[in-house]
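**Q** need a 3D model of the following:
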Amino acid sequence: MGLLPLEFSECYTDSPYFRDNIHTHEAELERTSQAIKQLIKESKTLLQAAKNLSKAQRSFCQLLQDFKFECIGSTMTDDEIEIESSFKEFGRLIGSIEDERDRMLENAMSHISLMENFRKTQLGVAKEEKKKFEKQTEKFCTSLDTYLKLSAKKQNEKLQEADAQLDMEKRHFHESSLQYVFKLQEVQERKKFEFVETLLGFMYAWLTFYHQGHEVAREFRSYGQDLQLRLQNTRERFESTRTEAEHLMRKMQEKPIEQGPNKMYTKQGYLFVQEKRPIGYAWVKHYCMYQKENKIFTMIPYTQTQGKLTSSTETIILKSCVRRMSDSIDKRFCFDIMANDKATTITLQALSEDDRKAWLEAMDGREPIYQVPGTPSSTEENLLNDIGFTFIKRCIQSIETRGIEEQGLYRVVGVNSKVKKLTELCLDRRKADKIDLDEYEIKTITSALKNYFRGLPEPLLTFKLHQEFINAAKQESRTLRINDIHRLVHQLPESNFEMLDMLIGHLLNVANHSKKNLMSMPNLGVVFGPTLMRPAEETVAAIMDIKFQNIIVEILISNHEQIFKTAPEGQELSYRGTRALPVASPREVAKNAQFPTPAVPPPAAAPPAPPPASAKPQKASRPVGMYSPTPTPAPRSPTRTNSTNKSADKSTENSSAAYSNSHSSSSESLISRSSNDTQSSQSSPQLTRLQGANQNQNCQPSSRPESLPAQNQTAAIPAPLAR
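**A** Model prediction:
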């Protein structure tokens, strides 16, 4: 089990569990610092003590074997596993050349200085931030105690001055807490590649200056190159993760959310509980948590300056909550609660008037109820419509025609104003046809494509399946990952599936030109991981899973044919193998409204029924295309089962209409539809996506009928079916 993420929202709640988690991170950093210090010491011993080289080398090897560090999160990626195991591999290689050494290492002090610099600049800065955090914690708690001890009978001017002083200390405390949490997690993530990369350079120097170590160096070279690639991938993921974490930290600074990630409690925070003493009363600080569903109120005695989580927890079932009148008690911000099983009243003091109102609201007290901010709107426009498909399709055509070999494709961003203008014009139905993409730079088009997916109200891989995709990427073997992702992709909505199929096919084409555009599959995963996936709620834990989003995109690209063109294991390929064939699309409804589809006669049977009066006669040799009024039966797919083929032979009234685009082989089956008439809906099985794809390969799109203007294609769409 790795280290738990430190949520920025917990800096405002400052719960005991948050403090305990911080102590765990501090202990890990201290252990890492001591291990690095010992490693540096042994390295210098190797360089300076030639007579004791063998002994020092054995000690160094053993130290590498025992060196470990914990990563944030419960699961590590393959790259992180290899990085962690690299220390053992380094020790094995050094042990294998121990008997073959001829001379001492030279020019290795630069690598040692880099390791020392890492320990001083990274771990040392974290310790300085710790001192600031502890100092601000002590100042805030002292100010809070003094503030709460003020009598309500004091003059308003003094009370206002005390309020201002406390607000200032509280703000400084929160800023110090946020900075410390950010630095802790930054160092934990940075050590995975920066320190190991420095040590990797030291290993190269070690092998270079051994005259008889060339064979071992040749064996190590392939491993080192693979490790260097993994370190580079980890570094790129770190940069993306760090940017997202910093953005979330800034967001929390601008609009603090005191409710932590623990959603099982309606309200939680610090309260002072009035306890009876032999002489008078005392106010004891507690961390309190309340569950509104079952009215369970929990109190934990805790003070941040002590930092010890005790087991003396008191839990009651809330009966009532009443605001305490100011003239009935000397303290401010007080309210009383009663338990079901106790006749006594417990008096609590909140931290401020707003805090008391929040507690009263959570406990159904007498204070007014305020609406919880941050509720997302449920009336977002879905941009996965025909104009969105057309926009992405045009972008892909332009990129693959003009800029498929441009270096840094999708990584180099365009000018923001040009990108925004292009996106707005292309998504405007009135202006989209007038835009010529050849007038724009490739980097502007690629940025517009990425912004389109980032601007969707729901990501392309959906919020619902987000965690399932992440869990699939965390599987132990690559085969299990591919199978799970294959199954989940076929659970996507139809429009999401088609858009993803088109995009991934294009990215596969981009990756095939990686020798010139330098955009390999891992690089494309870094770019499109956060673009195609995002969680419903931004947390540090979710940011730490960005590396798995990148892996998902890599798997989709490298296994495009298997994932999108075959059924998941153990399922029949009936509409992507998981769902029944949906109702006709708006495009088909509009087309059939103008050109009703006549019944197709079975082979070797009675003469075909005459077409309806509204259908135009057509030539027998005319292929079926997007706008062809009379589609022909689709050929049998080799992937269908025997029972499906038999059922298809019995009913010949199924027809399919699909259109194909010639911009690239990866997007030829962008949209494949199947439509059934009223008779086939009772007896005919559903056609597979593969049948539509096979039919597209054998057909060419026909010309648009004159009686169907472009602007009226969707005029006959019924309201319930319109997207």
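
**Q** name the helices or strands packed onto the helix ranked longest in the chain?
**A** Longest helix of the chain, by residue count under DSSP state H: helix 214-254. Helices and strands touching helix 214-254, by 3 or more C-beta pairs under 8 Å, 6 or more residues apart in numbering; DSSP states H and E, are helix 78-96, helix 156-190, helix 194-208, helix 521-532, helix 540-544, helix 546-558. (Glycine included, C-beta is placed from N, CA and C.)

**Q** tell me which of those sits most buried.
**A** Stretch with highest mean neighbour count among the helices and strands packed on helix 214-254: helix 546-558 (a mean of 24; mean count of other C-beta atoms under 10 Å).

**Q** residues making contact with the next helix or strand after it?
**A** For helix 546-558, the following helix or strand on the C-terminal side (DSSP states H and E) is helix 560-565. With contacts defined as C-beta atoms under 8 Å, 6 or more residues apart in numbering, helix 560-565 is touched by 482, 485-486, 489, 497, 500-501, 504-505, 508, 555-556, 666, 690, 693.

**Q** ok, stretch 134-145 next?
**A** Residues from elsewhere that reach stretch 134-145 (C-beta under 8 Å, 6+ apart): 165-166, 169-170, 172-173, 176-177, 303-305, 351.

**Q** may I ask which two of the residues you listed are separated the most?
**A** The span of the contacts of stretch 134-145, defined through C-beta to C-beta, is set by Gln165 and Thr303 at 20.4 Å.

**Q** okay, the angle between the longest helix of the chain and helix 78-96?
**A** Put simply, helix 214-254 runs at 150 degrees to helix 78-96, going by axes from the mean of the first three to the mean of the last three C-alpha atoms, to 10 degrees.

**Q** between helix 214-254 and helix 546-558, how many degrees?
**A** With the same axes, to 10 degrees as the basis, helix 214-254 and helix 546-558 are set at 120 degrees to each other.

**Q** now, among the contacts of stretch 134-145, which is nearest to Pro5?
**A** When the contacts of stretch 134-145 are ranked by distance to Pro5 (C-beta to C-beta), Ser177 comes first, at 15.0 Å.

**Q** flag the shaky bits of the stretch 101-250 of the chain, pLDDT-wise.
**A** 101-107, 207-211 (pLDDT under 70).

**Q** if we can go back for a sec, take the helices and strands packed on helix 214-254 and lay them out in a markdown table including distance to Ser59.
**A** Formatted as a markdown table, these follow (distance: least, C-beta to C-beta, whole Å):
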| stretch | distance to Ser59 |
| --- | --- |
| helix 78-96 | 11 |
| helix 156-190 | 27 |
| helix 194-208 | 15 |
| helix 521-532 | 37 |
| helix 540-544 | 35 |
| helix 546-558 | 34 |
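
**Q** right, and the helix or strand after the longest helix of the chain?
**A** The C-terminal neighbour of helix 214-254 among helices and strands, as given by DSSP H and E, is strand 267-276.

**Q** show me what that next one pairs with in its sheet, parallel or antiparallel.
**A** Partner strands and pairing direction for strand 267-276 (DSSP bridges) are strand 281-291 (antiparallel), strand 345-349 (antiparallel).

**Q** who wins for proximity to Ala536 among those?
**A** Proximity to Ala536 (C-beta to C-beta) singles out strand 281-291 among the strands paired with strand 267-276, at 22.4 Å.

**Q** got the buried residues for the closest one?
**A** Neighbour counts over strand 281-291 (16 or more other C-beta atoms under 10 Å) mark 283, 285-291 as buried.
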